[in-house]
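Peer 1: Can you look at this prediction? I've put the sequence above it.
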Amino acid sequence: MTLEINSALVKKLRDKTGAGMMNCKKALQAAEGNFDEAIKILRQQGLASANQKMNRNVTEGLIHSYIHAGAKIGVLIEVNCETDFVARQEKFFELSNNLAMQIAASPEVRYIKFEDIPKEIFDAEKEIELKKEDLLDKPDDIKDKITLGRVEKTLKKLSLLNQPFIRDPNITIEELIKEKISLFGENIRIRQFARYTLGLHND
């Protein structure tokens, strides 16, 4: 027997996730009416469909500017999509603004993704970790494993895609973008960004 779902709950889930009404209804039925579980189901579906689109070419989009309250921090970000139709949508503008706000709130972030971090930074951090006292007496294989884990954890703080989303810390920026790829049906990519702080030199 199919569980009957209240239309108000379906609308609430649609407003929360941006997914289609039928997808929301099916997710709620699969979750037996559990709202939080339905969100997880939609996110899993979205991530799966987004992965198939992430290699598609992006030639449209926008450059968005954000000035934080007090006018002492500013961000410029280029966010790309596949068509001008998506680039002109309010939800795409909202995504770009949220990404800019994330950068404004994340002074450590310098790169878009973890793979962009230069090898010399990785090597320098690894050398620091290897010299820590709690690793000196450990076997080399154990030492290397612990060191790699620590270095990755430290350096992911520099990567925008690895940051918890400030509006929903349960997901990362990478997961947020994948959700929007699923929503828009197009690939979305952060091309570049710059963060400006009053009185500081910006590279």
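Peer 2: On my side now, so go ahead.
Peer 1: Just the pLDDT for the spatially most central residue of the chain.
Peer 2: Taking C-alpha atoms, centre = their mean as the criterion, I173 is the residue nearest the geometric centre of the chain, at 1.1 Å. Listed pLDDT for I173 reads 96.
Peer 1: so it sits right up against Q102, yeah?
Peer 2: Yes. The pair I173 and Q102 qualifies as a contact (C-beta atoms under 8 Å) at a distance of 6.2 Å. All C-beta atoms are positioned from the backbone trio N, CA, C, and that covers glycine.
Peer 1: so how far is E115 from the residue nearest to the centre of the chain?
Peer 2: 15 Å (C-beta to C-beta, to the nearest Å).
Peer 1: same deal with K153?
Peer 2: According to C-beta to C-beta, K153 stands 16 Å off from E115.
Peer 1: again, but for T59
Peer 2: Looking at T59 against E115, where the rule is C-beta to C-beta, the gap reads 22 Å.
Peer 1: How about L130?
Peer 2: Relative to E115, L130 is positioned 22 Å away (criterion: C-beta to C-beta).
Peer 1: Next: Y66.
Peer 2: Separation of Y66 from E115 (C-beta to C-beta) stands at 25 Å.
Peer 1: Then R88?
Peer 2: 31 Å.
Peer 1: E127 now?
Peer 2: Per C-beta to C-beta, E127 is found 20 Å from E115.
Peer 1: Those two - which one has more neighbours?
Peer 2: E127 (11 against 8; other C-beta atoms under 10 Å).
Peer 1: In CSV, list the C-alpha atoms belonging to whichever strand or helix holds the more buried one.
Peer 2: Secondary structure here is read from DSSP states H and E; on that basis E127 sits in helix 119-130. Only the C-alpha atoms of helix 119-130 are listed here, as CSV (Å, rounded to 0.1, in the frame of the first residue of the first chain):
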residue,chain,number,x,y,z
LYS,A,119,52.7,20.3,-4.3
GLU,A,120,55.2,22.5,-2.5
ILE,A,121,52.5,23.4,0.1
PHE,A,122,51.6,19.8,0.5
ASP,A,123,55.3,18.8,0.9
ALA,A,124,55.9,21.6,3.4
GLU,A,125,52.9,20.6,5.5
LYS,A,126,54.0,16.9,5.4
GLU,A,127,57.5,17.8,6.6
ILE,A,128,56.0,19.7,9.6
GLU,A,129,53.8,16.7,10.5
LEU,A,130,56.6,14.2,10.2
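Peer 1: What segments of this protein are strands?
Peer 2: If you assign secondary structure with DSSP state E, the strands in the chain sit at 60-67, 73-81, 164-165, 168-172, 189-197.
Peer 1: Out of the ones you listed, which is closest to P139?
Peer 2: Nearest to P139 among the strands of the chain is strand 168-172; the distance by C-beta to C-beta comes to 33.1 Å.
Peer 1: contacting residues around that closest one?
Peer 2: Residues outside strand 168-172 that contact it (C-beta atoms under 8 Å, 6 or more residues apart in numbering) are R43, L161, N162, Q163, P164, F165, L176, E179.
Peer 1: so who does the second one touch?
Peer 2: Shown here is L161, whose contacts under the criterion C-beta under 8 Å, 6+ apart are I112, K113, F114, T172, I173, E174, I177, I190.
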